[in-house]
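Novice: have a look at this prediction, sequence included:
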Amino acid sequence: MPMAPRPRPSPNAGVKRVDNRQFSAAERGYDWNWTKAKRARMHKMTIEDEIDPFCRYCRVARADVLDHAIPLMRQGAVGSMAYNRWLKDERYLIPCCGACNTRKGDLLPAELKVKHPEMYQRMVAVLTKRGVSPNGR
């Protein structure tokens, strides 16, 4: 009587699975409160503060996104004290285009200085004008 073939071990046997799921915008803290605050801040920046509607990084495209100079993802869990401090401090919000926001990603200012020095110089100029440090202190 022929025997059934033995099952081969999986090449991934014994390897732990890594959770590659990307968190949704709401899970990252971009809920309706953020949307409302973003609209109000963008209006204030373009009308009252700086009148310049262009991206602060590339100076070519129209600014339609607010970038956090110090990324929220690098500041701790959603709802933590540090997270709420950066979310509420409007001085660290920089209006930019979607392409520049994607290009910057979640880089801290020191990492941005190495990877994209021209973006870092423009970020420092905006933050210095507002009287804050790019290091977040």
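Specialist: Yes, it's here.
Novice: Lys44 in helix, strand or coil?
Specialist: For Lys44, the assignment made with DSSP: H, G, I helix; E, B strand; the rest coil gives helix.
Novice: and it, what's its pLDDT?
Specialist: If you check Lys44, the pLDDT there is 78.
Novice: same deal with Gly76?
Specialist: 55.
Novice: the one 5 residues further on now?
Specialist: Each residue has a pLDDT score; the one for Met81 is 58.
Novice: tell me the secondary structure of Val60, please.
Specialist: Following three-state DSSP, the label given to Val60 is coil.
Novice: for Phe54, see how far away it is.
Specialist: Distance, Val60 to Phe54, by CB to CB, to the nearest Å: 7 Å. For glycine as for every other residue, the C-beta is placed from the backbone atoms N, C-alpha and C.
Novice: higher neighbour count, those two?
Specialist: Between Val60 and Phe54, Phe54 has the larger neighbour count (other CB atoms under 10 Å), namely 16 against 10.
Novice: pretty sure the more buried one sits against Met45.
Specialist: No: the pair Phe54 / Met45 is not scored as a contact, 11.2 Å apart, by CB atoms under 8 Å.
Novice: find the residues that touch each one of those two.
Specialist: By CB atoms under 8 Å, 6 or more residues apart in numbering, Phe54 and Met45 have these common neighbours: Ala63.
Novice: what's the host helix or strand of Ala125 packed up against?
Specialist: According to DSSP states H and E, Ala125 maps onto helix 117-129. Helices and strands touching helix 117-129, by 3 or more CB pairs under 8 Å, 6 or more residues apart in numbering; DSSP states H and E, are strand 93-96, helix 98-104, helix 109-115.
Novice: now these as TSV including mean pLDDT, distance to Gln121 and mean neighbour count?
Specialist: Below are the helices and strands packed on helix 117-129 laid out as TSV (pLDDT from 0 to 100; distance: least, CB to CB, whole Å; neighbours: other CB atoms under 10 Å):
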stretch	mean pLDDT	distance to Gln121	mean neighbour count
strand 93-96	86	13	25
helix 98-104	92	13	17
helix 109-115	91	9	15
